[in-house]
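Participant: Predicted model, plus sequence, below.
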Protein chains: 2
Amino acid sequence: MSSESRIRCAALRDRVMSAEAAAELIPAGINVGMSGFTGAGYPKAVPGALAERIRKLNAAGEPPFRISVWTGASTAPELDGVLAEVDGIEMRLPFQSDPICRDRINTGKMDYVDIHLSEVSQYAWSGFLGKMDLAVIEVAGIREDGSLIPSSSVGNNKTWIEQADKIILEVNSKQNAKLEGMHDVYYGTALPPNRKPIMITDPADRIGEPYLACPMDKVIAVVETSAPDRNTPFKAPDETSRKIAEHILNFFHREIELGRLPKELLPIQSGVGNIPNAVLEGLDAGPFKNLTAFTEVIQDGMLKMLKSGTLATASATAFSLSPEGIAEFDNNIDLYRDKIILRQQDISNHPELARRLGVIAMNGLIEADIYGNINSTHVMGTRMMNGIGGSGDFARNGYLSIFVSPSTAKDGAISAIVPMVSHVDHTEHDVKIVVTEQGLADLRGLSPRQRAHEIINNCAHPDFRPALMDYYERALHSGRGMHTPHLLEEALSWHVRYETQGQM
Amino acid sequence: MSSESRIRCAALRDRVMSAEAAAELIPAGINVGMSGFTGAGYPKAVPGALAERIRKLNAAGEPPFRISVWTGASTAPELDGVLAEVDGIEMRLPFQSDPICRDRINTGKMDYVDIHLSEVSQYAWSGFLGKMDLAVIEVAGIREDGSLIPSSSVGNNKTWIEQADKIILEVNSKQNAKLEGMHDVYYGTALPPNRKPIMITDPADRIGEPYLACPMDKVIAVVETSAPDRNTPFKAPDETSRKIAEHILNFFHREIELGRLPKELLPIQSGVGNIPNAVLEGLDAGPFKNLTAFTEVIQDGMLKMLKSGTLATASATAFSLSPEGIAEFDNNIDLYRDKIILRQQDISNHPELARRLGVIAMNGLIEADIYGNINSTHVMGTRMMNGIGGSGDFARNGYLSIFVSPSTAKDGAISAIVPMVSHVDHTEHDVKIVVTEQGLADLRGLSPRQRAHEIINNCAHPDFRPALMDYYERALHSGRGMHTPHLLEEALSWHVRYETQGQM
C-alpha cells in the first residue's frame, strides 16, 4: 500500500498539511484527547511540533502555553516526553510512564489524575472532566467514506472522536495495512439509564465494527507520518521472573486438580512488563492448550502463545511489542489477525466483562503489606511511578487477582513486603494471591492475622522476615485491636528508614 | 394464615422438631450457612439452642465447640450475639455488627473474613472457602412441593441451600404471609466460563422466580418459630444529618442543571443507618418523583418514599425496618408489594448491574483522608467496626460514589478527616464525592493536591482545618514527592495522639 493510498477519502486528502501547520491549530488552555495506549498508536508528529512551538513561545517570554492531555494510557517520548519537557501539560490523565512526565508530576508542575482505564470514557461522556476541545488521533488509514482504520491501539479513540469538537488525524504508513479488520469498535454503549447488557460471553466474540466512524466536518487537519511505535525491548526472563512464573504455574495446576479452575484456565489478563512476560513464557512452556486472553495489551509472550496454540484468542485494546515482536507480528500477520481482537478500552477493561468471563488478573505491585493491601502506584507514599492503569478494572471484578513482584528492590535495600503499605490501590478485600520469587500467598478466605503469616512466610525475603514477624507479634500484643494488628507509630517507619538511611 | 398452614408440604411437616433437637444435629467444627441480612430473615431459634448446648459443654469442661458461620450480612443478638458469647464461632463472614461478635474479633478470639457482599456466593461456589456442611435458613413458609417462601431477606439463601449437604429450616409465622411473591430468585447464575449476561436493565425488572428451590432430602429438621426481626429503631434526623442531606440534595440539583444527571436521578443505593435514612427523608421532601432504588436494604425512609411516589420501585435483598416501619409495612403491604423486589445478594449487589444501571452509591465512612481515601471498617487502624458490606460493590462500579459522615466523632475528639486514613477500604480511584455537615467535596477529575484543598476546605471541621492544612503544606514542601504529599513519620500521628491523649 503506498503512502498516498492510506488516505482514500478525497475530501480529507484536501486537508493534508504538515505537523507544524496542524500544531498551529491547537490553542492554549484546551483539553486535548490523544490516541495511544502502552506506547502503541499514539500520534508521532503533531505533539512534537506543538512542543517545538511551545519551546519557542517560552524562549520568547510569552505566557505559559499549556494544554490538558487525555490519552488511552501511556504513550512515548514523542508525546508525553516532549510536551512535559516544555512544561506544556497542565493536567494529564490517565496512566503514564514517561520519565520526564513523572518528574513534572512529582515536582508539582503537572496535575495527574489517576483513574481506572475502563472509566475514563465514562468520565468524559458524563461531563465529569469538562469539555474536550480537540483530539489528535493516529490511524492506519482513512477509507473512501471517511471512516478510519485504527492503528495499533484503539484506547479511547472512539470516545475522543465523539467528544471532541475538532479532530487532527495522523495517518501512519508505518502501521501494517493488514491491521484493517482486526478491530472491534462497539457503538452500543450509552449513559445510564439507557445502558444495555454487553453481549460478550467469550473473548473471541465480536460485537462491533472494524472501523471508527468520524464526522468529516470535525477534521481540521490530516498529517502523514511514517514512524514506528515505541516498541520497548523486553528483558529475557531472569531467575527471579522464572521463579515467580513457576509459583503461578504450580498454583494453576493445583487449582485445576482441586476443580477450582477448568483445564483451559479462565481468560488471562496480564499486566505489561518483564515479569508478566515471563509468566506468559512459562505458560507457553507448560501443557496448556486453547487458553484465552481478555486483557489490555498484547505483548511478545502472547504472540508466542498464539503461534504455539497455547492461546486460541487474545482480546485487548493495544499492542506493546518489542522490535523483535513487531517484526514477528508483521511477518506473520495472517496467522495472528484472526486470533487477535482489538477493542476500545471501555470494553477491553469493562467490569461487567471481567466479572462475567471470570478473568484471571495478573498485575505487578510496588509493595504489599502483611495484610494483603497493595500499592501499585506510589514510591514511598508520595511519588507517582506510573499509575493504576487497568489493574483495578480486572482485579476488582475478576475471578482471581494475582499480584506479583520480586521480594526486594534496589539490591535488597527495599522490601516489597512491608508492615503497612504507604499507599493503597488494591484493598485487602480485592487481593486474592500475592507472589514473589520466594513463594505464593493464597489469601482467599483468610482473616488478616492468617494472611500475615501466609504473606510473611511465603512472600517476604528471608532477610526481612524476622523484622516483619517481630512487627506483627508486637502489634498483636500491643493492647490495640487484634483484627488487623498494627503499631501506628512505626507502621510506616520502614519507608522513613529507607528515605533517611537508604535501607529499610 | 395459621401457623400450621405455613408448612404445606406433608413430607417436611414430618420433620418438625424443637430448636433444641435441631441444634443437636449440628456437629462441631463445620461450616454453617445461616440466613440473615441486616437484622432481617435470620434464624431466631436454632442458633440460641446451639449456643445453650455449647454453654453447657463449656461448663462441663468439654473441648471447645466451634463452628464457622457464613451469613448474608449482619444478623442479631439471637444469632451472632449468643454464639459469640459462648465463643462458639471459629470464623465469621461476611458483614457483622454485633457488639459481642465485634469484641471477639478485636480480642483475637474469632477470625473474621471481610469480603464484598456480592462476592460471598462466588467464593462459596468456587470452593474458595471449603465445603459448606449445613445451612440454617429462615423462611416465611413451605409450599406443597417443598419449595420455600423466603422471609424478610434473601441474602445468600439460594447459594447456601445449593451448597450445603444438610439444611435446617426455620418457619417463622411472624413474617408477613403476603411476602409471598415479592422475591425474585434468579437461577441463571453460573461459574465462568459459562456465565451469561444478567438481563436486568431497570431496577423493576424481574428475571427469576418467587420461591427458593430446596431438595427435600437435604432437609434434616424443620423448626417453627414466631419472632420478629431485630427491627432497630431509627433516630429522628438531627441537625448534622439534615445538613448532610441538604448538601447532597443541592449537589443533585446542580448535577441535573448541568445535564450530568437525569431529573429522575439514577438508581439510588443507600447504606443503612441514621444519616442515610435522613438523606432519604430529605429526598422525599424534595421535588423528586419516580426515582428508583437499586440497593441492599429497604429502610424506613424508602417506605415513605414509596408511599409518597418519590420512589417508584425499590430493588434490594432485605428489609431493615424500625418497629414503626414494620408496622407500616404490615398494615399497607398491598401498597408496597408491587413496588419492592427482593433479590439474592449476588444479584442485588452485582457489579455488572451497579455499572449498567449507573447506581448512585451513598455510604457512610469512619474516616477520609485529605486525598480521598476512605476507611469504612477500622477504628484507629486495628479494630474492626462492622465490615465493608456492600459499599465496595456499589462504589467501585456505580456512576457516583458518595461517602458521608459527620466531620467529627466522640464530641469533637476525633476528626473524620485525617492526614492519612489508618485503613483503606475505598481507594482514591473509587471515591468521587465526600460529604460532611460542613459541606461537599467533589473530587471528580481532580489531582491529589487539588483534592486536598477541596476536602480540607469543604469537609473538615473548622477546629481541625488549620492543622490539616499545616500538615499538607509541610508535606508539600518537605522535599518528598509532590504528587501525594505526605510526611510519613507523622501521617498516622493523629490516631496515635487520640489513643494516647484521647484527642486528635
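Facilitator: Thanks, I have it.

Participant: rest of the way, CA atoms for contacts and neighbours
Facilitator: Noted.

Participant: can you list the domains in chain A?
Facilitator: A:4-225, A:239-501 (automatic domain parsing).

Participant: so can I have JSON lines of those showing mean neighbour count?
Facilitator: Output for the domains of chain A, formatted as JSON lines (neighbours: other Cα atoms under 10 Å in any protein chain shown):
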{"stretch": "domain A:4-225", "mean neighbour count": "21"}
{"stretch": "domain A:239-501", "mean neighbour count": "22"}
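
Participant: Mean pLDDT for those domains - can I get that in a markdown table?
Facilitator: Output for the domains of chain A, formatted as a markdown table (pLDDT from 0 to 100):
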| stretch | mean pLDDT |
| --- | --- |
| domain A:4-225 | 97 |
| domain A:239-501 | 96 |
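
Participant: Including distance to residue B:394, could the ones you listed go into a markdown table?
Facilitator: Shown next, in a markdown table, are the domains of chain A (distance: least, Cα to Cα, whole Å):
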| stretch | distance to residue B:394 |
| --- | --- |
| domain A:4-225 | 15 |
| domain A:239-501 | 12 |
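
Participant: For residue B:162, which of those is the nearest?
Facilitator: With distances scored as Cα to Cα, the stretch of these nearest to residue B:162 is domain A:239-501 (17.1 Å).

Participant: anything in that closest one sitting right up against chain B?
Facilitator: Yes. Using Cα under 8 Å from any Cα of the partner chain, we find that domain A:239-501 touches chain B at A:260, A:266, A:351-353, A:355-358, A:381-384, A:397, A:422, A:424-429, A:444-449, A:480-486, A:488-489, A:492-493, A:495-496.

Participant: From these, which land in helices?
Facilitator: A:351, A:352, A:353, A:355, A:356, A:357, A:397, A:448, A:449, A:493, A:495, A:496 (DSSP state H).

Participant: Run through the residues that contact the last one.
Facilitator: Counting by Cα atoms under 8 Å, 6 or more residues apart in numbering or on different chains, residue A:496 touches B:488, B:489.

Participant: Would you quantify the distance from it to residue B:470?
Facilitator: 20 Å (Cα to Cα, to the nearest Å).

Participant: ditto for the third one
Facilitator: Using Cα to Cα, one obtains 44 Å as the distance from residue A:353 to residue B:470.

Participant: Kindly report the same for the fifth one.
Facilitator: Between residue A:356 and residue B:470 the distance, using Cα to Cα, works out to 47 Å.

Participant: Let me know the next secondary structure element after the longest strand along chain A.
Facilitator: Assignment by DSSP state E gives strand A:134-142 as the longest strand of chain A. Once the chain leaves strand A:134-142, the next helix or strand it forms, by DSSP states H and E, is strand A:148-150.

Participant: Now find how far off-centre that next one is within its chain.
Facilitator: Its chain's C-alpha centre and that of strand A:148-150 lie 21 Å apart, by Cα atoms, centre = their mean, to the nearest Å.

Participant: now for it, which elements pack on it?
Facilitator: strand A:134-142 (3 or more Cα pairs under 8 Å, 6 or more residues apart in numbering or on different chains; DSSP states H and E).

Participant: wait, what's in contact with the residue nearest the centre of chain A?
Facilitator: With distances taken as Cα atoms, centre = their mean, chain A has residue A:389 as the residue nearest its mean C-alpha position (4.4 Å). The contact partners of residue A:389, by Cα under 8 Å, 6+ apart, come to A:73, A:94, A:95, A:114, A:115, A:116, A:117.

Participant: can you narrow those to ones near chain B?
Facilitator: Okay, of the contacts of residue A:389 touching chain B (Cα under 8 Å from any Cα), that's A:114, A:115, A:116.

Participant: ok so, going back, right, and out of the ones in helices among the residues of domain A:239-501 next to chain B, which lies closest to residue A:292?
Facilitator: residue A:357 (10.4 Å).

Participant: where's the closest one relative to residue A:350, distance?
Facilitator: Taking Cα to Cα, one finds residue A:357 at 11 Å from residue A:350.

Participant: just to revisit the earlier point, just checking, what packs against the longest strand of chain A?
Facilitator: Taking 3+ Cα pairs under 8 Å, 6+ apart as the contact cut, strand A:134-142 packs with strand A:31-34, strand A:148-150, helix A:157-163, strand A:166-172.

Participant: at 6 Å what do you get?
Facilitator: Secondary-structure packing of strand A:134-142 (3 or more Cα pairs under 6 Å, 6 or more residues apart in numbering or on different chains; DSSP states H and E): strand A:31-34, strand A:148-150, strand A:166-172.

Participant: how far off strand A:166-172 does that strand point, in degrees?
Facilitator: 40 degrees (axes from the mean of the first three to the mean of the last three Cα atoms, to 10 degrees).

Participant: roughly how far out does strand A:134-142 sit from the chain middle?
Facilitator: Using Cα atoms, centre = their mean, the offset of strand A:134-142 from its chain centre is 20 Å.

Participant: gap between the helix ranked longest in chain A and the chain center?
Facilitator: Taking DSSP H as the criterion, chain A has its longest helix at helix A:239-257. Mean C-alpha position of helix A:239-257 versus that of the full chain (Cα atoms, centre = their mean) differs by 23 Å.

Participant: try stretch A:128-143
Facilitator: 19 Å.

Participant: ok, residues contacting it?
Facilitator: A:6-9, A:31-35, A:41-43, A:148-151, A:164-172, A:175, B:445 (Cα atoms under 6 Å, 6 or more residues apart in numbering or on different chains).

Participant: Same question for stretch A:90-106.
Facilitator: Applying Cα under 6 Å, 6+ apart, the external contacts of stretch A:90-106 come out as A:66-70, A:73-74, A:81, A:84, A:110-115, A:383, A:386-387, A:389, B:481-483.

Participant: Of all the helices and strands packed on strand A:134-142, which one is nearest residue A:18?
Facilitator: Per Cα to Cα, nearest to residue A:18 of the helices and strands packed on strand A:134-142: strand A:166-172, 10.2 Å.

Participant: Quick check: closest non-adjacent residue to residue A:483.
Facilitator: Computed as Cα to Cα, 6 or more residues apart in numbering or on different chains, the closest residue to residue A:483 that is not its neighbour in sequence is residue B:106, at 5.0 Å.

Participant: do the same with residue A:17
Facilitator: Nearest non-adjacent residue to residue A:17 (Cα to Cα, 6+ apart): residue A:223, at 5.6 Å.

Participant: and the one you found, what element?
Facilitator: Take DSSP H and E as the rule and residue A:223 turns out to sit in strand A:219-225.

Participant: could you say what helices and strands that strand packs with?
Facilitator: For strand A:219-225, the contact count by 3+ Cα pairs under 6 Å, 6+ apart identifies strand A:166-172 as packing neighbours.

Participant: Show me what the strand it packs on is packed against.
Facilitator: strand A:134-142, strand A:219-225.

Participant: Restricting to C-alpha, output the longest one in CSV.
Facilitator: The C-alpha atoms that make up strand A:134-142 are tabulated as CSV, following Å, rounded to 0.1, in the frame of the first residue of the first chain:
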residue,chain,number,x,y,z
LEU,A,134,-9.7,18.8,20.2
ALA,A,135,-8.4,15.3,19.6
VAL,A,136,-5.3,14.1,17.8
ILE,A,137,-5.7,10.5,16.7
GLU,A,138,-3.3,8.2,14.9
VAL,A,139,-4.9,5.9,12.4
ALA,A,140,-3.6,3.3,9.9
GLY,A,141,-5.7,4.7,7.1
ILE,A,142,-8.8,6.6,6.0
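
Participant: Thanks a lot, see you next time.
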